[in-house]
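Visitor: here is my input; please provide its structure:
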Amino acid sequence: MFKTIRWRVAIPSFLLLLVAMPALGVYLLHSAQNNQIESIRTGLVNQTTALRALLAEDWQALAEAGGFEGWAVRWGESLETRVTIVDTGGVVLGESLQEPSLSDNHLSRAEFQAASAEGLGSTLGYSPAFDSQALYIAMPVLQDGQTVAFLRLAHSLEQVEAGYARLRLTLFWVTGVLAVLAGLFTAWIASRATRSLRHLRRAAEALTAGDLEARADVAARHEVGDLARAFDRMADRLQEQIESLRAERSKLAVILGQMHDGVVIADPEGKVVLLNKSAEQLFEIGEGEAVGRSLAQALRYYQMVDLWRQCRDTGHEQVVALELPNQRFWQAVASPLEGGLADHTLLLLQDLTRTRRLETVRRDFISNISHELRTPLASLKALAETLRSGALEDPTTAELFLERIETEVDALILMVNELLELARIESGRVPLNLSSVSPGDVLQGAVDRLRLQAEQAGLSVQLDCPDDLPPILADAPRLEQVLVNLIHNAIKFTALGGTVWISAHLADDGMVCFAVRDNGVGIPSEDLSRVFERFYKADRARSGGGTGLGLAIARHLVEAHGGRLWAESVQGQGSTFYLTIPLSN
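Guide: Numbering: from 1, shown residues only. Model (predicted):
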């Protein structure tokens, strides 16, 4: 029977009622009680007056931040009293002992009615929060002369009642002893029950705030203890589920974050629910900005909205190709989702730019090699047909045609050899004999090989290479082959009287940077990114009969050295080719 809170409270209360105070004791106790309550009332009025002034000063900031609850709790703990803030409509804004949402409307309470009419309201009554009699003092809070709320302080009279018990001991020797014992017994039981409830409340508040480790840890063997242990089991299960969800969400976030394809999930109304990093970069929008907005606002491509609408209306997967700025090509796939995301749509964006570029390179390669082979083969066929038709009878003509046949065959052999060389370099079957080489020696060797050709073309060649450049790790003949190719192109595309500058310097990245610059015809901007492709010629009219393989071979040789080859050009003003080679450590 004593294991239930009901009996623990009911039986002591019943025994206490049986111990009735004699009339004289009641009279004396009542007088002393009034005096002490009046003293407490005076102190509580002073505290309320001072606290009201502080609340009026902080009103605007608290109203903007919604901080009435924290303010009430802070001052309630500081003053060891109950602090309540109520607006003019009776709604509790802040409460130090319980959640405001659990409080009913306070407008009809006597202390607030009196405070509204007279500026000060005071009542005495039982407080469930204190589980004892309490004194209430309420005052209006003013802003610019207008009442914006009411502040109420409540003080528990539990200690006063304990004092009365001691007074009863002196007034009524038998009745007083019983009253004190009953009071102590009741106070002890109430304290025990209240302590368990306080532990449970604090654990619930901490769990609500996100502390998954919070537990009530109540060992009592009554209803509150059972409730606390059930709460702890629930918290354990909740923690396991949340941690499991976090782990799954973390895995999903890692997978989505590592995907190169863009992923967007839209709800049935066409609003963005989720998108990964690739989608953020593609559409240049952050997840925080996109989530909750419509597809049209977040993605800004009407094709994506149409694709989502078609998928939603048909219930089947839809595919569309997109051409984005900066020559980017994407394939967008819209698929309906099922299960927990039923009626949602998955938009998957796959980058096909590299595939499209490879297809373009492949087509151009076939077209270019066909073009390069067609001319010499057509010439060979024409020469052979001419010889067969009677030119063989004329020794002079036959000799001339045979020389031309030999020239065309040599051109074909050169093309095949360069293709084989390029294939070997790309496959790594051409080993590099790397050694410590002076950059100046490599440059000088390349310039010496082409100086006569430059002079015959009416060009000047200027070499700029500091003597203190550190040595590089390179295959000297192969690197010289690259430089010869670049210098040869500069000579070929520079008009009479032009200049070719060849230089080398130590770059910021710790490599030696070689540069071959001319003031020739230059390269169109649309062709600049493709000059290193096989057979690609920016201007076939000025190609000079080359195969179009030299720059492709040069690029692969430089990359095999661990360097990089690139070009800068302005059409009509010349070109500059740069290449970097690592230092010899």
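
Visitor: residues of stretch 400-413 that come out buried?
Guide: F401, I405, E408, A411, L412 (16 or more other Cβ atoms under 10 Å). No exception for glycine: its C-beta is placed from N, CA and C like everyone else's.

Visitor: can you tell me how far N35 sits from T42?
Guide: 11 Å (Cβ to Cβ, to the nearest Å).

Visitor: please tell me how far A290 sits from P268.
Guide: The gap separating A290 from P268 is 17 Å, by Cβ to Cβ.

Visitor: higher neighbour count, those two?
Guide: Shown here are A290 and P268; by other Cβ atoms under 10 Å, A290 has more neighbours (22 against 10).

Visitor: let me know the outermost residue of this protein.
Guide: Computed with Cα atoms, centre = their mean, the residue of the chain farthest from its C-alpha average is E393, at 82.9 Å.

Visitor: got the phi and psi for that residue?
Guide: phi -70, psi -20 (degrees, to the nearest 10).

Visitor: also G574?
Guide: For G574, the backbone dihedrals (degrees, to the nearest 10) come out as phi 110, psi 180.

Visitor: so in terms of bridging, what pairs with it?
Guide: With DSSP bridges applied, G574 shows beta-bridge pairing to V570.

Visitor: my read: it touches W501, true?
Guide: No: if you go by Cβ atoms under 8 Å, G574 and W501 don't touch, sitting 9.5 Å apart.

Visitor: so where's the stretch 301-450 of the chain shaky on pLDDT?
Guide: 324-328, 340, 356, 358-375, 391, 410-411, 414-431 (pLDDT under 70).

Visitor: list the residues that contact both of G574 and W501?
Guide: Shared contacts of G574 and W501 (Cβ atoms under 8 Å, 6 or more residues apart in numbering): R517, D518.

Visitor: more neighbours: these two, which one.
Guide: G574 (22 against 17).

Visitor: how about the more buried one, what does it touch?
Guide: T494, R517, D518, N519, G520, V521, G522.

Visitor: now the two most distant members of those residues.
Guide: The span of these, defined through Cβ to Cβ, is set by R517 and V521 at 13.5 Å.

Visitor: measure the residue farthest from the centre of the chain to D527 for me?
Guide: 48 Å.

Visitor: relative to L200, how far out is V437?
Guide: When V437 is compared with L200 (using Cβ to Cβ), they lie 80 Å apart.

Visitor: list phi and psi for Q573.
Guide: phi -120, psi 0.

Visitor: what about it, how many neighbours?
Guide: Q573: 11 neighbours (other Cβ under 10 Å).

Visitor: now do the one 3 residues further on
Guide: When neighbours are counted by other Cβ under 10 Å, T576 registers 18.

Visitor: element containing it?
Guide: In this assignment (DSSP states H and E), T576 forms part of strand 574-582.

Visitor: quick one: that strand to chain centroid distance?
Guide: 38 Å (Cα atoms, centre = their mean, to the nearest Å).

Visitor: can you give me the buried ones in it?
Guide: For strand 574-582, using 16+ other Cβ under 10 Å, the buried residues are G574, S575, T576, F577, Y578, L579, T580, I581, P582.

Visitor: could you dump those to CSV with pLDDT and distance to L459?
Guide: Shown next, in CSV, are the buried residues of strand 574-582 (pLDDT from 0 to 100; distance: Cβ to Cβ, whole Å):
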residue, pLDDT, distance to L459
G574, 90, 12
S575, 92, 14
T576, 93, 16
F577, 94, 16
Y578, 94, 20
L579, 93, 21
T580, 93, 26
I581, 93, 26
P582, 92, 31
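
Visitor: for G94, state which of the residues you listed is nearest.
Guide: T580 (68.3 Å).

Visitor: I'd say the closest one and G563 touch.
Guide: Yes: with contact defined as Cβ under 8 Å, T580 and G563 form a contacting pair (4.4 Å).

Visitor: need the overlap of contacts for the two.
Guide: In contact with both T580 and G563: M511, using Cβ under 8 Å, 6+ apart.

Visitor: now do stretch 269-276: distance from first to last residue.
Guide: Between the start and the finish of stretch 269-276 there is a gap of 20 Å, counting by Cα to Cα, to the nearest Å.
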